[in-house]
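1. heads up, no residue letters with this:
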């Protein structure tokens, strides 16, 4: 593991981590074959690490009216608008895998309005982008546009909460200078 | 409790809340004399509620090189830039109380550059605002400006993390239409 | 009167003011119990002072299809967008008094779209904000939206003229570093 | 006088104007050979008319450390940024006449940074533009930059006040749809 | 020819130019009575010069559903938004001549929304401005608005291509500091 | 070739193209194994096609103080800021190949400030981004920053001209809805 993990803040050594955090990191490593840098860099602050991943999992891992791929679309679109290198490249990989589509992440990252998505997904991303970039202007017309595509109140909450959580995540990663692991760039690019 | 709590999403009844959440809500009510609407509205999603407040407490309640009043300054300045009514009015009250200063919150909310704060606090808020509004442009010169005022790496993380956490919080509150309780407006306005 | 009045430009002594200006200042002091700093700081230039207050009074004191409270709403909303500390805090106090509502000024200052106002007042503020921030784009659709709420041509002029006058006032106050008097913060916050 | 004066609000007939306003209008007509539309359109509100021109004259006609041509440069630069057709075209004419330079107004209107002006005038316009577009960010460094070019406190006030007054004027003209008289376009274009 | 041609990059001497370029320059001089600085400054790079003018002529000189005056309107409106002094002043002159209208160029340069143009031309400029300033947001609704005014697909291409070509041209001229020749300012201002 | 080439404007059939254009298209196909959609979509207008590629080649294929990879960095960074899907994905592939670096294009597309490039390349991209996004503000300090990294006048011209040419290209591609060919996504991602 000789790639740097971030440009700022010391990354704690794996054997110095609290037990629960080390266990989580090792589990991720087992599953993915490498440790994504977000786990190592955020471990700088164990309590914040625990809250961050509890929040992340509550939004991204649970059952929802939005598919997991759709939730990753929100991450990629809003993180690109916030110019977060780690989030776009790491979650771009996850999106390719979850959507089983090697093209979708790059399309959404550059301009989601031109991506190969459904009109319903386009409405979802329009709302997510407004939450990410101008939440103070969210109004009834925005909710009506979502309802017209069949999104429930719970779906609306999910869209907003994912966009809001990555508003946090993007800012942390940009300040830390969190680097995407080299492994992410190729993940999901080749059909299996 | 006849004031509305928010303009969207059903607020769960107190007696329907999971035990741990109800306990926390009642403890706040005991201490403050009322239940801030953020507790009621976010209880719509118990898992997210738990992560949200765990994160909040990890940042705002712990020991830090920043005083609690200074952390509230960050909340008020960035939440005003994000036009979050709940956050500015509720945390404005907390800031007045923690700083024992009835004027500071309104000054910071309107234009932190003109507030009665120290040059060190001004540098802290300049950085917090950049994290909140243009984190993608954070660069070495920003860290150097903080170091020149004696901020440690841990302090820098704290400033960034508070600004980032309220980037999340402001977006949630704006989408939910979370209303500040009437009680907040007068809190801390009169010297005791 | 040991509070500073502004961060730049010498504030003239009361007994050095031209007779007509001193008379006005003393009348305000008699009525309010203190001299708002706008009177002292603008007296640096007697001719501009006279024109400024003549304009102010022509807009804010006369009979109008807009109530005095509504005109103060325009001042608070646009001054907050322009980050003018003096104008938001001083006119926030006046708005609370004129509307007999201790909450309205803080709500409008942070995000007028979420304030407890009527749809007609919301339309009024939408237009005022457009005049304040993007007058070059004002178009027929804006006038039609106002007409749909029953605003007359004279009302439209009033909304625009108040927003325009405070575009001037906000800039002067920000350059001068005009400080809101301590007295303003508490005015109108307690129901009588 | 068959050219329209504005796209909105009725222009009062000359013989219906209050005596003092009609006298001023006739004096302008005598001097200029035509009545600039700003006089006719603002006469819709006599009290505001009187305050507007009293303010205008206090800034633009008096003795100042800034030449009259320099004050018109401020008007043209800031009015162009605010996309005010009347102000750019009418004051562009006045600037050409006062500066005895047929090229300067068009240069400043399009991009003042490329205009044939002195470094001192460039500093003056940099400050005026900041007052016009981001007065909330005016800071010590801005005043220091002006002092380095020898501007006195009174000069600084003048620059700010002219920029602020035309922030008002530009908004009124854009809402009214005030039209520049055809006569302005050619004024001052040919050396005498 | 003692006026400077630009603030940066050496302007090649006429007799050092490649034969084809010198021929073109002399032809322009013969026709116009002077050599517009765009020809001299871009000759710094002969191959780019040839491609630039080939592209320019393919768009601006050919038969089109848009009149030549309309194409110049697009140039003036978008170049003003990009603050390109050379393009606004030189093409303003061409627009006055082609439209046989001494007022139109200044009106469009300051605020095309207030210019004396037809609703069809207004729709053309709305689209051109979107292409120039936010092409990434161009969507079906924009094409529908053009179709409603009778613009064909070829017309839409022309509007977009002219706006796009001057996005290139404006940037080159601003970097080079290309100066408009003195002759342009008066061209087309007097009816013949 | 069943992938669509663009969302708007008819793509001409290969056998209907003028001889010189068909020859170029076939040569590209021979070399690349597929026809990039920019060739097919721009062939809608043969004269503009010829000028476009003549300009492109004059900038991108010639000898220069900037390496071909560096010129592609400029394309990717500015096209990402302009949200041009075709340009980022197609030129991202070319950049990976020319730089023999499978990571660099994604890094630069998301946030060039965090990419693994030299300080000299960073200065080059800072200038290119200013030309692309705010050329009207380019000033002496920008040229001095480039000179400090050893860029010659010719290099400065190249940086500016590439950024300016893709300002044109990005706008055309966004209006046309030009689609990146599927082949581009994987090109250059695997070290050979």
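-> That came through fine. The shown structure was predicted, so the numbers you read here are calculated from the model rather than taken from an experiment. Numbers count the residues shown, from 1 in each chain, chains lettered A, B, ... in the order given.

2. residue A:100 - how many residues pack around it?
-> By the criterion of other Cβ atoms under 10 Å in any protein chain shown, residue A:100 has 11 neighbours. Any C-beta I mention is one placed from the backbone N, CA and C, and that applies to glycine too.

3. any idea how far it is from chain E?
-> In this view, residue A:100 and chain E are 27 Å apart by Cβ to the nearest Cβ, to the nearest Å.

4. next: residue A:51.
-> For residue A:51, the distance to chain E - Cβ to the nearest Cβ - is 36 Å.

5. tell me if that residue really is in a strand.
-> No. Residue A:51: not assigned to a strand; according to DSSP: H, G, I helix; E, B strand; the rest coil it is helix.

6. that one: what's it in contact with?
-> By Cβ atoms under 8 Å, 6 or more residues apart in numbering or on different chains, residue A:51 lies in contact with B:51, B:52, B:54, B:55, B:58.

7. what pLDDT does the residue lying closest to the third one once chain neighbours are set aside get?
-> The shortest distance from residue B:54 to any residue that is not its chain neighbour, by Cβ to Cβ, 6 or more residues apart in numbering or on different chains, is 4.1 Å, and that residue is residue A:51. The predicted local confidence for residue A:51 comes out at a pLDDT of 98.

8. need the per-residue pLDDT for the closest residue to chain E within chain A.
-> Nearest residue of chain A to chain E, counting by Cβ to the nearest Cβ: residue A:111, 5.5 Å away. Among the per-residue scores, residue A:111 shows a pLDDT of 98.

9. how many neighbouring residues does it have?
-> Residues near residue A:111, counting by other Cβ under 10 Å: 20.

10. is it in contact with residue E:136, as I believe?
-> Yes. If you go by Cβ atoms under 8 Å, residue A:111 and residue E:136 touch, sitting 5.5 Å apart.

11. does the nearest residue to residue A:53 once chain neighbours are set aside count as helix, strand or coil?
-> Counting by Cβ to Cβ, 6+ apart, residue A:53 lies nearest to residue A:24, which is 7.1 Å off, once chain neighbours are set aside. Secondary structure, three-state DSSP: residue A:24 is helix.

12. look at residue A:24 and report its pLDDT.
-> Listed pLDDT for residue A:24 reads 96.

13. hang on, the earlier thing: how far away is the residue of chain A closest to chain E from chain F?
-> 4 Å.

14. tell me the pLDDT at the closest residue to chain D within chain A?
-> In chain A, the residue that lies nearest chain D is residue A:136 (17.4 Å; Cβ to the nearest Cβ). Predicted confidence (pLDDT) for residue A:136: 98.

15. my read is that it contacts residue B:87, right?
-> No. Counting by Cβ under 8 Å, residue A:136 sits too far from residue B:87 to count as a contact (11.1 Å).

16. give me the more crowded residue out of those two.
-> For residue A:136 versus residue B:87, the count of surrounding residues by other Cβ under 10 Å is larger for residue B:87: 26 against 20.

17. what's the nearest residue to the residue nearest the centre of chain A if we skip its chain neighbours?
-> In chain A, the centroid-proximal residue (Cα atoms, centre = their mean) is residue A:75; its distance is 4.1 Å. Nearest residue to residue A:75 in three dimensions, chain neighbours excluded: residue A:91, at 4.3 Å (Cβ to Cβ, 6+ apart).

18. contact partners of the helix or strand the one you found falls within?
-> Element membership for residue A:91, per DSSP states H and E: helix A:85-99. Helix A:85-99 is touched from outside by A:36-38, A:67-69, A:72-73, A:75-76, A:79-80, A:102, A:104-106, A:108-109, A:166, A:169-170, A:173, A:178-181, A:184-185, A:187-189, F:106-107, F:110-111, F:114-115, with contacts defined as Cβ under 8 Å, 6+ apart.

19. backbone dihedrals for the residue nearest to residue A:93 when sequence neighbours are not counted, please?
-> Excluding its sequence neighbours, the residue lying closest to residue A:93 (Cβ to Cβ, 6+ apart) is residue A:187, at 3.7 Å. Main-chain dihedrals, residue A:187, degrees, to the nearest 10: phi -60, psi 130.

20. just give me the neighbour total for the residue lying closest to residue A:33 once chain neighbours are set aside.
-> Once flanking residues are discounted, residue A:33 sits nearest to residue A:183: 7.2 Å by Cβ to Cβ, 6+ apart. Using other Cβ under 10 Å, residue A:183 has 15 neighbouring residues.

21. can the helix or strand hosting residue A:163 be found next to chain C?
-> Secondary structure from DSSP H and E places residue A:163 in helix A:153-176. No. Helix A:153-176 lies apart from chain C when judged by Cβ under 8 Å from any Cβ of the partner chain; the minimum separation is 15.6 Å.

22. list the buried residues in stretch A:152-160.
-> A:155, A:156, A:157, A:158, A:159, A:160 (16 or more other Cβ atoms under 10 Å in any protein chain shown).

23. which residues sit against it?
-> Identification of contacts with stretch A:152-160 by Cβ under 8 Å, 6+ apart yields A:59, A:64-66, A:71, A:74, A:124, A:127-128, A:131, A:143, A:146, A:151, B:8-10, B:44-45, B:171-172, B:175.

24. same thing but 6 Å
-> For stretch A:152-160, contacts defined as Cβ atoms under 6 Å, 6 or more residues apart in numbering or on different chains pick out A:64, A:65, A:66, A:124, A:127, A:128, A:131, A:146, B:175.

25. which among these count as buried?
-> Neighbour-count burial (16+ other Cβ under 10 Å) applied to these gives A:64, A:66, A:124, A:127, A:128, A:131, A:146, B:175.

26. quick one on the thing from earlier: could you point out which element follows the helix holding residue A:91?
-> As assigned by DSSP H and E, the chain's next helix or strand after helix A:85-99 is helix A:104-111.

27. contacts for that next one?
-> So helix A:104-111 is contacted by A:73, A:76-77, A:80, A:88, A:92, A:95-96, A:115, E:136, F:83, F:85, F:88-89 (Cβ under 6 Å, 6+ apart).

28. domain parsing of chain A, as residue ranges.
-> The record assigns chain A these domain ranges, following automatic domain parsing: A:14-60, A:68-176.

29. chain C contacts on chain A?
-> residue A:136 (Cβ under 6 Å from any Cβ of the partner chain).

30. quick one: pLDDT of residue A:164?
-> Taking residue A:164 on its own, its pLDDT is 98.

31. check the contacts of stretch A:152-160 one by one and keep those near chain F.
-> With Cβ under 6 Å from any Cβ as the criterion, those include none near chain F.

32. would you list those in a markdown table and tack on pLDDT and secondary structure?
-> Output for those, formatted as a markdown table (pLDDT from 0 to 100; DSSP: H, G, I helix; E, B strand; the rest coil):
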| residue | pLDDT | secondary structure |
| --- | --- | --- |
| A:64 | 94 | coil |
| A:65 | 97 | coil |
| A:66 | 98 | coil |
| A:124 | 98 | helix |
| A:127 | 98 | helix |
| A:128 | 98 | helix |
| A:131 | 98 | helix |
| A:146 | 98 | helix |
| B:175 | 98 | helix |
